[in-house]
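Chemist: heads up, no residue letters with this:
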């Protein structure tokens, strides 16, 4: 696969999953969709470095209060993604908490209306994230920016593994389309990414234990999401993917918050 294909794959990720304007017609064949999956770790790392940079600046140089800094940081992922994945979280919550059969749940996912369960689950998610951000920022430890960068890195790999390893719930939609690029080597490729990043952490004297804790939490969430997706929806959809990304990121933020709270982070 040529390097231009990988660049196009990365640009496609920005085009589909961020508000970054990519004013360019990009090829969408199976080869380029495979490149998107392969580039997910780099895409996640770029997003993570953005978050980490903002986190560092807010702690070290912001004139605002802790509450103000937490609010700005809370807004960042919402603005960066255009709330795309939060929309998936809402729809998936409405479908899941309907306690209907699979077919009815898939119909609810397609319904543009927002139900009470979707609203409540969004409030809980955003409130929990704000709590985590506030207390992590209140700790005043800018060196935690290292691990802020890893959260999107792990969540993007989780999305890639679900896209690559879970069958589609229906033969339509964004998830089904991206699965045309499925790659039998994706697990190995992501393992290489993990090895390289862990080596960088060791080289720069970072906290490898926290990096590995993140890996364990991500692995457990992936197993939970894969099982739940198959059990309740019969496969993956774009909305379920978005909900999974929001879920794993929230789980990792909670992990960092807990470790900081007990003095381990």
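Modeler: Sure thing, it's come through. What you see is a predicted model, and the numbers here were worked out from it, not measured in a lab.
Chemist: Only the buried residues of the host helix or strand of residue 145, if you could.
Modeler: Applying DSSP states H and E as the criterion places residue 145 in helix 145-165. By neighbour count on 16 or more other Cβ atoms under 10 Å, the buried set for helix 145-165 is 145-164. The way it works is simple: take the backbone N, C-alpha and C, and place the C-beta from them, glycine included.
Chemist: And for stretch 179-186?
Modeler: Here stretch 179-186 shows 179, 181, 183, 186 as buried, counting by 16+ other Cβ under 10 Å.
Chemist: Mind checking which of these land in strands?
Modeler: Using DSSP state E, no member of the buried residues of stretch 179-186 falls in strands.
Chemist: what does the model give the nearest residue to residue 158 once chain neighbours are set aside for pLDDT?
Modeler: Nearest non-adjacent residue to residue 158, counting by Cβ to Cβ, 6 or more residues apart in numbering: residue 248, 4.8 Å away. Reported pLDDT at residue 248 in the predicted model: 97.
Chemist: heads up, I number from 489, so please use that
Modeler: Okay, residue one is now 489; in that scheme the one you just asked about reads as residue 736.
Chemist: Just give the number of residues close to residue 736.
Modeler: Other residues within reach of residue 736, judged by other Cβ atoms under 10 Å, total 26.
Chemist: Do I have it right that it meets residue 645?
Modeler: No - at 9.3 Å, residue 736 does not count as touching residue 645 under the criterion of Cβ atoms under 8 Å.
Chemist: which residues do the two both contact?
Modeler: residue 706 (Cβ atoms under 8 Å, 6 or more residues apart in numbering).
Chemist: could you show me where the helices are in the chain, in order?
Modeler: Shown for the chain, the helices assigned by DSSP state H span residues 491-505, 518-548, 554-569, 572-584, 590-598, 604-626, 633-653, 661-666, 674-691, 696-721, 726-749.
Chemist: Out of those helices, which is closest to residue 511?
Modeler: helix 491-505 (9.6 Å; Cβ to Cβ).
Chemist: now for the helix holding residue 633, which elements pack on it?
Modeler: Counting contacts by 3 or more Cβ pairs under 8 Å, 6 or more residues apart in numbering; DSSP states H and E, helix 633-653 packs against helix 518-548, helix 674-691, helix 696-721, helix 726-749.
Chemist: Cool, thanks, talk later.
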